[in-house]
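this one's structure only:
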(Lines give C-alpha, C1' and ligand atoms only; values in the text may rest on other atoms or scores of the structure.)
Protein backbone atom coordinates (compact mmCIF):
# COMPACT_ATOMS: atom_id res chain seq x y z
CA UNK A 1 0.00 0.00 0.00
CA UNK A 2 1.33 3.43 -0.90
CA UNK A 3 1.13 6.03 1.86
CA UNK A 4 2.19 8.99 -0.24
CA UNK A 5 4.74 11.48 1.05
CA UNK A 6 4.15 10.53 4.72
CA UNK A 7 5.93 7.20 4.40
CA UNK A 8 9.46 6.97 5.76
CA UNK A 9 10.40 5.08 2.57
CA UNK A 10 10.60 8.45 0.80
CA UNK A 11 13.00 9.82 3.41
CA UNK A 12 15.77 7.33 2.65
CA UNK A 13 19.04 8.98 1.57
CA UNK A 14 20.33 8.72 -2.00
CA UNK A 15 16.88 7.66 -3.25
CA UNK A 16 14.08 9.65 -4.97
CA UNK A 17 11.70 11.56 -2.71
CA UNK A 18 8.98 11.63 -5.35
CA UNK A 19 5.86 9.66 -4.20
CA UNK A 20 5.65 8.13 -7.69
CA UNK A 21 8.89 6.26 -6.96
CA UNK A 22 7.96 4.92 -3.52
CA UNK A 23 7.80 1.35 -4.84
CA UNK A 24 11.28 1.77 -6.35
CA UNK A 25 12.70 2.94 -3.03
CA UNK A 26 11.01 0.04 -1.26
CA UNK A 27 12.35 -2.46 -3.80
CA UNK A 28 15.89 -1.11 -3.34
CA UNK A 29 15.48 -1.41 0.42
CA UNK A 30 14.33 -5.02 0.08
CA UNK A 31 17.25 -5.79 -2.24
CA UNK A 32 19.70 -4.37 0.29
CA UNK A 33 18.01 -6.37 3.05
CA UNK A 34 18.32 -9.61 1.06
CA UNK A 35 22.01 -8.93 0.39
CA UNK A 36 22.65 -8.30 4.10
CA UNK A 37 20.67 -11.44 5.01
CA UNK A 38 22.66 -13.54 2.51
CA UNK A 39 26.05 -12.20 3.58
CA UNK A 40 25.23 -12.64 7.28
CA UNK A 41 24.04 -16.22 6.70
CA UNK A 42 27.18 -17.10 4.72
CA UNK A 43 29.51 -15.58 7.30
CA UNK A 44 27.69 -17.36 10.10
CA UNK A 45 27.88 -20.66 8.22
CA UNK A 46 31.61 -20.28 7.57
CA UNK A 47 32.33 -19.47 11.22
CA UNK A 48 30.36 -22.41 12.51
CA UNK A 49 30.62 -24.91 9.66
CA UNK A 50 31.98 -27.76 11.77
CA UNK A 51 29.48 -27.23 14.58
CA UNK A 52 26.51 -26.90 12.24
CA UNK A 53 26.89 -30.18 10.35
CA UNK A 54 24.23 -31.43 12.76
CA UNK A 55 21.75 -28.71 13.86
CA UNK A 56 22.10 -27.85 17.54
CA UNK A 57 18.35 -27.53 18.06
CA UNK A 58 18.59 -23.95 19.26
CA UNK A 59 16.77 -20.99 17.75
CA UNK A 60 19.47 -18.99 15.98
CA UNK A 61 19.85 -16.83 12.92
CA UNK A 62 21.73 -19.58 11.10
CA UNK A 63 19.13 -22.25 11.90
CA UNK A 64 16.29 -19.97 10.78
CA UNK A 65 18.10 -19.11 7.55
CA UNK A 66 18.92 -22.76 6.97
CA UNK A 67 15.29 -23.81 7.47
CA UNK A 68 14.05 -21.12 5.09
CA UNK A 69 16.53 -21.99 2.35
CA UNK A 70 16.00 -25.72 2.77
CA UNK A 71 12.23 -25.27 2.56
CA UNK A 72 12.46 -23.18 -0.61
CA UNK A 73 14.95 -25.61 -2.14
CA UNK A 74 12.65 -28.51 -1.34
CA UNK A 75 9.46 -27.20 -2.89
CA UNK A 76 11.27 -25.97 -6.03
CA UNK A 77 13.05 -29.27 -6.67
CA UNK A 78 9.90 -31.25 -5.85
CA UNK A 79 7.95 -29.21 -8.40
CA UNK A 80 10.50 -29.03 -11.21
CA UNK A 81 11.84 -32.59 -10.97
CA UNK A 82 15.26 -34.22 -10.69
CA UNK A 83 17.04 -31.40 -12.53
CA UNK A 84 15.29 -28.73 -10.48
CA UNK A 85 18.39 -27.77 -8.51
CA UNK A 86 19.59 -25.49 -11.30
CA UNK A 87 16.36 -23.49 -11.16
CA UNK A 88 16.61 -22.78 -7.43
CA UNK A 89 18.68 -19.54 -7.67
CA UNK A 90 16.16 -17.70 -9.86
CA UNK A 91 12.92 -19.03 -8.39
CA UNK A 92 14.32 -18.81 -4.86
CA UNK A 93 15.32 -15.20 -5.48
CA UNK A 94 11.78 -14.44 -6.65
CA UNK A 95 10.38 -16.06 -3.52
CA UNK A 96 12.57 -14.16 -1.06
CA UNK A 97 12.17 -10.85 -2.88
CA UNK A 98 8.39 -11.16 -2.83
CA UNK A 99 8.34 -12.44 0.76
CA UNK A 100 10.48 -9.61 2.14
CA UNK A 101 8.62 -7.06 0.01
CA UNK A 102 5.32 -8.26 1.43
CA UNK A 103 6.66 -8.13 4.99
CA UNK A 104 7.95 -4.59 4.45
CA UNK A 105 4.39 -3.50 3.73
CA UNK A 106 3.30 -4.61 7.21
CA UNK A 107 5.55 -2.06 8.91
CA UNK A 108 3.59 1.08 9.91
CA UNK A 109 3.87 3.98 7.46
CA UNK A 110 5.74 1.74 5.06
CA UNK A 111 5.10 0.62 1.50
CA UNK A 112 5.35 -2.81 -0.11
CA UNK A 113 6.87 -2.94 -3.59
CA UNK A 114 4.44 -5.76 -4.34
CA UNK A 115 1.50 -3.44 -3.64
CA UNK A 116 2.44 -1.56 -6.80
CA UNK A 117 1.33 -2.99 -10.12
CA UNK A 118 4.59 -1.95 -11.83
CA UNK A 119 6.58 -4.21 -9.53
CA UNK A 120 4.26 -7.20 -9.79
CA UNK A 121 4.06 -6.98 -13.59
CA UNK A 122 7.86 -6.75 -13.76
CA UNK A 123 8.10 -9.92 -11.67
CA UNK A 124 5.55 -11.65 -13.89
CA UNK A 125 7.42 -10.66 -17.05
CA UNK A 126 10.73 -11.82 -15.56
CA UNK A 127 9.22 -15.23 -14.78
CA UNK A 128 7.67 -15.40 -18.26
CA UNK A 129 10.96 -14.65 -20.02
CA UNK A 130 12.86 -17.04 -17.77
CA UNK A 131 10.78 -20.15 -18.34
CA UNK A 132 10.42 -19.54 -22.08
CA UNK A 133 14.19 -19.17 -22.46
CA UNK A 134 14.63 -22.42 -20.55
CA UNK A 135 12.12 -24.11 -22.85
CA UNK A 136 13.94 -22.89 -25.96
CA UNK A 137 17.32 -23.97 -24.56
CA UNK A 138 15.95 -27.39 -23.61
CA UNK A 139 14.10 -28.17 -26.84
CA UNK A 140 15.52 -25.72 -29.40
CA UNK A 141 13.33 -23.02 -31.04
CA UNK A 142 11.52 -25.45 -33.37
CA UNK A 143 11.20 -28.15 -30.74
CA UNK A 144 9.78 -25.67 -28.25
CA UNK A 145 7.14 -24.52 -30.72
CA UNK A 146 6.25 -28.19 -31.36
CA UNK A 147 5.94 -28.50 -27.59
CA UNK A 148 2.75 -26.43 -27.83
CA UNK A 149 1.17 -29.06 -30.11
CA UNK A 150 0.92 -31.41 -27.12
CA UNK A 151 2.21 -34.31 -29.26
CA UNK A 152 -0.85 -34.12 -31.52
CA UNK A 153 1.01 -33.12 -34.70
CA UNK A 154 -0.84 -30.88 -37.20
CA UNK A 155 -4.12 -31.72 -35.45
CA UNK A 156 -2.86 -29.83 -32.42
CA UNK A 157 -2.60 -26.44 -34.17
CA UNK A 158 -5.78 -25.16 -32.50
CA UNK A 159 -4.53 -26.41 -29.15
CA UNK A 160 -1.19 -24.68 -29.80
CA UNK A 161 -2.93 -21.38 -30.52
CA UNK A 162 -4.87 -21.65 -27.27
CA UNK A 163 -1.66 -22.53 -25.43
CA UNK A 164 0.13 -19.50 -26.88
CA UNK A 165 -2.72 -17.24 -25.72
CA UNK A 166 -2.58 -18.88 -22.31
CA UNK A 167 1.18 -18.25 -22.11
CA UNK A 168 0.78 -14.65 -23.25
CA UNK A 169 -1.54 -13.79 -20.37
CA UNK A 170 0.58 -15.48 -17.70
CA UNK A 171 2.68 -12.39 -16.89
CA UNK A 172 -0.56 -10.44 -16.53
CA UNK A 173 -2.22 -13.07 -14.35
CA UNK A 174 0.86 -13.45 -12.14
CA UNK A 175 1.17 -9.69 -11.71
CA UNK A 176 -2.51 -9.02 -11.07
CA UNK A 177 -2.87 -11.91 -8.60
CA UNK A 178 0.06 -10.75 -6.50
CA UNK A 179 -0.84 -7.04 -6.72
CA UNK A 180 -4.50 -7.46 -5.80
CA UNK A 181 -3.86 -9.85 -2.91
CA UNK A 182 -1.11 -7.77 -1.34
CA UNK A 183 -2.83 -4.42 -1.90
CA UNK A 184 -6.07 -5.68 -0.34
CA UNK A 185 -4.26 -7.41 2.52
CA UNK A 186 -2.28 -4.32 3.49
CA UNK A 187 -5.33 -2.07 3.12
CA UNK A 188 -7.35 -4.30 5.44
CA UNK A 189 -4.58 -4.63 8.02
CA UNK A 190 -3.87 -0.91 8.24
CA UNK A 191 -7.54 0.07 8.15
CA UNK A 192 -8.30 -2.10 11.17
CA UNK A 193 -5.12 -0.98 12.90
CA UNK A 194 -6.28 2.62 12.60
CA UNK A 195 -9.72 1.76 13.95
CA UNK A 196 -8.67 -0.62 16.73
CA UNK A 197 -5.07 0.28 17.39
CA UNK A 198 -5.04 -1.24 20.88
CA UNK A 199 -7.24 -4.27 20.32
CA UNK A 200 -6.43 -6.01 17.04
CA UNK A 201 -2.88 -5.22 15.87
CA UNK A 202 -1.27 -8.55 16.85
CA UNK A 203 -3.89 -10.90 15.32
CA UNK A 204 -4.03 -8.75 12.20
CA UNK A 205 -0.26 -8.74 11.83
CA UNK A 206 -0.20 -12.53 12.24
CA UNK A 207 -2.88 -12.78 9.56
CA UNK A 208 -0.85 -10.43 7.35
CA UNK A 209 2.32 -12.50 7.82
CA UNK A 210 0.45 -15.66 6.81
CA UNK A 211 -1.01 -14.00 3.69
CA UNK A 212 2.37 -12.50 2.73
CA UNK A 213 4.05 -15.90 3.00
CA UNK A 214 1.32 -17.69 1.05
CA UNK A 215 1.43 -15.16 -1.80
CA UNK A 216 5.21 -15.47 -2.13
CA UNK A 217 4.85 -19.25 -2.11
CA UNK A 218 2.08 -19.19 -4.74
CA UNK A 219 4.07 -16.97 -7.11
CA UNK A 220 7.21 -19.09 -6.77
CA UNK A 221 5.27 -22.33 -7.12
CA UNK A 222 3.49 -21.17 -10.28
CA UNK A 223 6.84 -20.12 -11.74
CA UNK A 224 8.28 -23.54 -10.89
CA UNK A 225 5.29 -25.24 -12.52
CA UNK A 226 5.73 -23.14 -15.67
CA UNK A 227 9.43 -24.07 -15.76
CA UNK A 228 8.59 -27.75 -15.37
CA UNK A 229 6.03 -27.59 -18.17
CA UNK A 230 8.42 -25.70 -20.48
CA UNK A 231 11.34 -28.08 -19.97
CA UNK A 232 9.61 -31.46 -19.72
CA UNK A 233 9.98 -34.00 -22.50
CA UNK A 234 7.10 -35.97 -23.95
CA UNK A 235 7.22 -39.65 -23.20
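Yep, that arrived. As the structure is a prediction and not an experimental result, all values here were calculated from the model.

As a check, name the ranges of all helices in the chain.
With helices called from DSSP state H, the chain shows them at 22-47, 61-80, 88-104, 117-139, 141-147, 157-168, 170-195, 201-231.

for those, which one sits closest to residue 111?
The closest of the helices of the chain to residue 111 is helix 22-47. By C-beta to C-beta, the value is 4.9 Å. (Each C-beta comes from the backbone N, C-alpha and C, glycine too.)

So what does residue 112 look like in phi/psi?
Per-residue torsions, residue 112: phi -90, psi 130 (degrees, to the nearest 10).

Skip the chain neighbours and tell me the closest residue to it.
Closest residue to residue 112 apart from its sequence neighbours, by C-beta to C-beta, 6 or more residues apart in numbering: residue 105 at 2.6 Å.

what about the one you found, how many neighbours?
24 (other C-beta atoms under 10 Å).

Pretty sure it sits against residue 116.
No: counting by C-beta atoms under 8 Å, residue 116 is not a contact partner of residue 105; they are 10.0 Å apart.

looking at this protein, which helix or strand is least sure?
helix 170-195 (a mean of 77; mean pLDDT, DSSP states H and E).

Next up, the contacts around residue 131.
By C-beta atoms under 8 Å, 6 or more residues apart in numbering, the residues touching residue 131 are 223, 226-227, 229-231.

typo on my end, it should be residue 124
By C-beta under 8 Å, 6+ apart, the neighbours of residue 124 are 170-175, 178.

Please tell me the pLDDT value assigned to the closest residue to residue 174 other than its chain neighbours.
Among residues not flanking residue 174 along the chain, residue 124 sits closest, at 3.6 Å (C-beta to C-beta, 6+ apart). For residue 124, the pLDDT comes out at 94.

how far away is residue 124 from residue 32?
With distances taken as C-beta to C-beta, to the nearest Å, residue 124 is found 23 Å from residue 32.

Likewise for residue 102?
On the measure of C-beta to C-beta, residue 102 and residue 32 end up 16 Å apart.

higher neighbour count, the two?
Legend: neighbour count by other C-beta under 10 Å for residue 102 and residue 32, higher for residue 102 (27 against 11).

Grab the nearest non-local neighbour of that one.
Here the residue nearest residue 102, using C-beta to C-beta, 6+ apart, is residue 212, at 3.4 Å.

ok, that neighbour touching residue 104?
No: between residue 212 and residue 104 there is no contact under C-beta under 8 Å: 9.3 Å.

Counting neighbours, go ahead and name the busier of those two.
Counted by other C-beta under 10 Å, residue 212 and residue 104 do not tie: residue 212 has more neighbours, with 26 against 22.

Tell me where the model's unsure across this protein.
1-6, 48-59, 61, 150-156, 186-202, 234-235 (pLDDT under 70).

Now residue 18: closest residue in space that isn't a chain neighbour?
With C-beta to C-beta, 6+ apart, the residue lying closest to residue 18 is residue 10, at 7.7 Å.

Contact partners for that neighbour?
Counting by C-beta under 8 Å, 6+ apart, residue 10 has contacts 16-19, 22, 25.

dump the residue contacts of residue 167.
128, 132.

how close does it sit to residue 161?
With C-beta to C-beta as the criterion, residue 167 and residue 161 are 11 Å apart.

circling back: please check the contacts of residue 124 and keep the buried ones.
Buried subset of the contacts of residue 124 (neighbour count, 16 or more other C-beta atoms under 10 Å): 170-171, 174-175, 178.
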